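In: After the sequence you'll find the predicted model.
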Amino acid sequence: MLIERRDFLSTLTLAGAASLLPGTNLLASMIPKKEKLGIALVGLGYYSTDLLAPALQLTEKCYLAGIVTGTPSKAQAWKEKYQIPDKNIYNYQNFDQIKNNPDIDIVYVVLPPSMHREFVVRAAKAGKHVFCEKPMAPTVADCQAMIEACKANKVKLAIGYRCQHDPNIQAVMQVAKDKRFGPVKMITSAAGYFDARTTHWKQNKKLGGGVMGDMGVYALQGARLATGEEPISVIAQASTTRPDIYKEVEETMMFMLEFPSGARATCQTSFGINMNYLQVNYEKGWLKLEPQSSYSGNKGSMSDGTIINFPLKSQQAKQMDEDCAAIINNTDLIAPGEEGLRDIKVVEAIYKSVATGKSVKI
Ligand code: NAD
C-alpha cells in the first residue's frame, strides 16, 4: 500500500523532529516503510521503452511512477499508455523539482553513458535513491563523483547489472566461491552483436560510445564474476571492420586479463559480431554458458553433468524488485556504485593499453 499524502506529511514532521535528536536509527524507526516504491525513468529510449517499462508492470516492490524526457511527444504517449499523472512528468530542465515529489522514491537513469554522472548527481541532490544503467560512466572520476554524491545525500546507488540478479549467472559466481572444480585457470568471455546503426551514441565518443561503453562490460563481467577476483593487468587491442562508421570509437575490443590467482581471461566484445558465451576452465573441470548475458535464456552446463537452466520471468523485474527490497530494508545492494566503478577501472586500463600497445597494471 502506498503512503497517502497525509501520512507522508506526518512522516516529514517526524523526520524533522527526529533530525533534532541524536542517532539516525531513531529516525529510521520513526519513518513508516513504503511497501512499493515509485520509480521515475530518465531517458525514454530503447531500453526504457522495450524492457524497463514492461518489467515495471510485473514488479512487486516498485511501479512506474514518473518519467523524465526531453521529447514532449514521448511524454504524451507514455502518459496515456501508463496513466502517468502530469505532476510526475519532468523534462531535463525542471528535473531538479523532483525533490518535492513524494511519489518518486527512485530515479532510474537510462541515458547515454556520458550523461549518467550529471543525472545521478542531480537525483542524489534531490534526495532520491538512484538506479543507473551500465556502464556506470566513461571515467573513474565520474564514477567516484557519483558514489560521493549518493553518500553525501544518504541515498543508495544501484547499477543496472541485471545479470547479477539472474540465477544462471549466480550459478557461475557460486562455483567461483565453492571452488568445486579447484581454481580457475582460463576463461573465454564474449559479448557482441551486429549494430547496423551509423550515427547512434554508441558510435560517438563524447556520448560515451565505443563497444567498451556498452557490450564490453558484459565480456568483462563474465571474467570478473567467474573468478570472483579483480584483474591486476590487461593487454588490449581495438579494431574495426567498418572504419567509415567507427571513426572515433572502437567497433571491436579484444582484451586479456590476468587475475591475482594466476587465472587468465581472453575477452572479446564487438558491435560487428554476434557472439555471447562464457567458458571457464578450472583445474579439475569446466563450465560453459551460452548465452551469458541475454535478457532471458542464459543457460549452460558443467563438466560434472550439472545443467544451468533456471527459469526467469523477467530479469529486469527481479533486478528492480531486489534493489527496491535493499532500499526498503536498508540492506546491501547486489551491484552498488562501487561495482560499476570496478569495471570502469578496467575499462580505463584497456584504453590505456590500446594507446600504448603495452600491458597495463590495474
Ligand atoms: P537509446 O539511444 O535507445 O536511448 C537513449 C535515450 O537518451 C533516448 O531517449 C534519447 O532521447 C535520450 N537522450 C538524451 N540526450 C541525448 C543525447 N544527447 N544523445 C543521445 N540520446 C540522448 O539508448 P539505450 O539503448 O536505451 O541505452 C541507454 C542506457 O541503457 C545506456 O547506458 C545503455 O548502456 C543502457 N542499456 C542497458 C541495457 C541492459 O541490458 N542493461 C540494454 C540496453 C541499454
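Out: Received it, and whenever you're ready, just let me know what you need.
In: and the stretch 51-200 of the chain, which residues reach the ligand?
Out: Counting by Cβ under 6 Å from any ligand atom, the stretch 51-200 of the chain comes close to the ligand at 70, 110, 111, 112, 113, 133, 134, 160, 162. Where C-beta positions appear, they are placed from N, C-alpha and C, glycine not excepted.
In: Repeat the analysis, applying 8 Å as the threshold.
Out: Within the stretch 51-200 of the chain, the positions adjacent to the ligand are 51, 69-71, 74, 92, 109-113, 115-116, 133-135, 160-162, 200 by Cβ under 8 Å from any ligand atom.
In: For the ligand, what's the nearest residue on the stretch 1-150 of the chain?
Out: residue 45 (1.8 Å; Cβ to the nearest ligand atom).
In: quick one: which of the residues of the stretch 51-200 of the chain next to the ligand sit in helices?
Out: Applying DSSP state H to these, the entries found in helices are 74, 116.
In: Give me the buried entries from the residues of the stretch 51-200 of the chain next to the ligand.
Out: 51, 69, 74, 92, 109-113, 115-116, 133-135, 160-162, 200 (16 or more other Cβ atoms under 10 Å).
In: Strands - which of those land there?
Out: Those of those mapping onto strands are residue 109, per DSSP state E.
In: my guess is the residue of the stretch 1-150 of the chain closest to the ligand meets residue 109, correct?
Out: No - judged on Cβ atoms under 8 Å, residue 45 makes no contact with residue 109 at a distance of 11.7 Å.
In: mind checking the SS state of the closest residue to residue 331 other than its chain neighbours?
Out: Among residues not flanking residue 331 along the chain, residue 325 sits closest, at 7.4 Å (Cβ to Cβ, 6 or more residues apart in numbering). With DSSP: H, G, I helix; E, B strand; the rest coil as the basis, residue 325 sits in helix.
In: Surely residue 325 and residue 62 touch.
Out: No - using Cβ under 8 Å, residue 325 is not in contact with residue 62, being 9.6 Å away.
In: Neighbour count: the two, which is higher?
Out: The residue with more neighbours, out of residue 325 and residue 62, is residue 62; 26 against 15, by other Cβ atoms under 10 Å.
In: close enough to count as contact, the more buried one and residue 326?
Out: No - Residue 62 lies out of contact with residue 326 (Cβ under 8 Å); the separation is 11.6 Å.
In: Residue 172 is in what secondary structure piece?
Out: In this structure, residue 172 is located in helix 167-178 according to DSSP states H and E.
In: Just list what that helix packs against, helices and strands only.
Out: helix 216-227, strand 272-282, strand 285-289, strand 307-308 (3 or more Cβ pairs under 8 Å, 6 or more residues apart in numbering; DSSP states H and E).
In: Fine by me, thanks again.
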